[in-house]
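[1] would you be able to build a 3D model of this:
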Amino acid sequence: MTTGSLSIESPPTPIVLASFGPVLGQLSTNRIKRYGRPAFQQSPTATMQLKIEHRTQYAYDPEVGRVSLRLRLFPAAFAGQMINRWSVTVNGEPVTPLLTDGFGDGVGLWHAKRSSDVIEILAEGLVTTEDRAGVVRGLSQMPPAGIFLSQTKLTAPDSRIRDLAHAVPDGQALDRLHALMAAVGEAMTYKPAATTAKTTAAEALSGGAGVCQDYSHVFMSAARVLGIPARYVTGYVLASHVSTNDAHSAATSGPETGSAADKANEGPDEGPDEGIVETHAWAEAYADGLGWVGFDPVHAVSPTDAYVRLACGLDANAAAPIRGCLSTPSDVTMETAVVVLASGAQVQSQSQSQSQSQS
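    The predicted model follows:
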């Protein structure tokens, strides 16, 4: 057994773990036809209260000494998302944001005070949401939009992505973005086993299949080709309020081992399954004259009151909710479960487990 990176091999996940380190800080006519009302129409506004419980547990054999976690599990309040109450604990110890990063996301740190064989992370709370047709306004931090023109290893475009982008008809940015979202959905099929957490946007589009991480990366890559800033978003979604054939789930992965703390891990992912409620991923793009707007190319919709926005970044690595490192190697078993309850609705939940040995 040697110290090294810990990667939980499994079907692909739409959310992967980011490295420790510094962090940067009117719908189109087609949209109106498809969804019935334009984004700028705010009355009446649909609202929901969503109760969320996101539990992740890691079991270590043998037990580990020093464990450090970086958590981005603190949803921000902004127009359309109000945090009624929210708490994050690790092994029962409260964790609060130590800082707000350049993207406007709260970041908390936790360090083990003693050797542990089990670590449990629990994020839970009550969030009131409004359907703003994907328009994101009122975040406490607003980094320059141009930051999100930067391509990453996961979003670097190839000729296929450039062709996809340039096939979008000319017009206003918002119209082009809705057309791009539709084009990505037409070019890809949701297929959990088709990709891994390390699959790039170019590889996913070439294969014509993937999960919500892949859809979002392809959309972002193409938007950036068009000169439109785009960013990756993680969060939660109530599956009963989105298209029934596109409910996706993902679990964050466990802490890495030793000196490999600057590499991303992989975690499990489940495919479409009616009733699944889990962590989800989508994209936001900057439309001149309107600002940041969300696009979920998997569900072919802009986020509604069924979505809770958690964190964002340049790609899935940068937007990961959980990141950590271990001082010693260990066999790790991970279990995760998310429950989302809408007021007046039945609880919908989904749990997963995954194990891997480090040797």
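[2] can you name the residues bridging to Gln57?
    Glu120, Glu335 (DSSP bridges).
[3] surely it meets Thr336?
    Yes - between Gln57 and Thr336 a contact is recorded at 7.3 Å, counting by C-beta atoms under 8 Å. For every residue, glycine as well, the C-beta is placed using N, CA and C.
[4] between these two, which one's more packed in?
    Thr336 (26 against 17; other C-beta atoms under 10 Å).
[5] who are the neighbours in contact with the most centrally placed residue in the chain?
    Centroid check for the chain by C-alpha atoms, centre = their mean gives Thr234 as the closest residue, at 2.1 Å. Residues in contact with Thr234 (C-beta atoms under 8 Å, 6 or more residues apart in numbering) are 15, 279-281, 310-312, 316, 319-321.
[6] ok, Ala209 next?
    188-191, 194-195.
[7] narrow the residues you listed to those in strands?
    Among the contacts of Ala209, the members falling in strands (DSSP state E) are 189-190.
[8] which among the contacts of Ala209 count as buried?
    Buried members of the contacts of Ala209, counted by 16 or more other C-beta atoms under 10 Å: 188, 190-191, 194-195.
[9] how about a markdown table for the contacts of Thr234, with neighbour count, secondary structure and pLDDT added?
    Formatted as a markdown table, the contacts of Thr234 follow (neighbours: other C-beta atoms under 10 Å; DSSP: H, G, I helix; E, B strand; the rest coil; pLDDT from 0 to 100):
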| residue | neighbour count | secondary structure | pLDDT |
| --- | --- | --- | --- |
| Ile15 | 31 | coil | 31 |
| Thr279 | 26 | strand | 80 |
| His280 | 33 | strand | 92 |
| Ala281 | 27 | strand | 95 |
| Leu310 | 25 | strand | 96 |
| Ala311 | 26 | strand | 96 |
| Cys312 | 26 | strand | 97 |
| Ala316 | 30 | coil | 95 |
| Ala319 | 27 | coil | 94 |
| Ala320 | 26 | coil | 91 |
| Pro321 | 24 | coil | 93 |
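[10] picking up where we left off before, need the pLDDT of the residue nearest to the centre of the chain.
    Thr234 is assigned a predicted lDDT (pLDDT) of 96.
[11] you'd agree it is in a helix?
    No - judged by DSSP: H, G, I helix; E, B strand; the rest coil, Thr234 forms no part of a helix; its state is strand.
[12] distance check, it against Lys51.
    For Thr234, the distance to Lys51 equals 19 Å [C-beta to C-beta, to the nearest Å].
[13] same check on Leu98?
    Distance, Leu98 to Lys51, using C-beta to C-beta: 26 Å.
[14] more neighbours, the two?
    For Leu98 versus Lys51, the count of surrounding residues by other C-beta under 10 Å is larger for Lys51: 16 against 12.
[15] what's the closest non-adjacent residue to that one?
    Closest residue to Lys51 apart from its sequence neighbours, by C-beta to C-beta, 6 or more residues apart in numbering: Leu341 at 4.2 Å.
[16] just checking, what packs against the helix or strand harbouring the one you found?
    Here Leu341 sits within strand 331-342, counting by DSSP states H and E. Contact analysis of strand 331-342 by 3 or more C-beta pairs under 8 Å, 6 or more residues apart in numbering; DSSP states H and E lists strand 47-64, strand 230-237, strand 348-356 as its packing neighbours.
[17] adding distance to Gln151, write those strands out as TSV.
    Below are the helices and strands packed on strand 331-342 laid out as TSV (distance: least, C-beta to C-beta, whole Å):
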stretch	distance to Gln151
strand 47-64	30
strand 230-237	10
strand 348-356	30
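[18] return the most buried member of those strands.
    Counting by mean count of other C-beta atoms under 10 Å, strand 230-237 has the highest mean neighbour count of these, with a mean of 26.
[19] give the partner strands of that strand in its sheet and their orientations.
    Partners of strand 230-237 in the sheet, by DSSP bridges, are strand 279-287 (antiparallel), strand 307-313 (antiparallel).
[20] alpha carbons only: can I get it in CSV?
    In CSV, the C-alpha atoms belonging to strand 230-237 read as follows (Å, rounded to 0.1, in the frame of the first residue of the first chain):
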residue,chain,number,x,y,z
ALA,A,230,-19.7,30.5,-19.5
ARG,A,231,-19.2,28.8,-16.1
TYR,A,232,-20.0,25.4,-14.5
VAL,A,233,-22.5,25.2,-11.7
THR,A,234,-23.3,22.5,-9.1
GLY,A,235,-26.4,22.3,-7.1
TYR,A,236,-29.5,20.3,-6.4
VAL,A,237,-32.7,19.6,-8.4
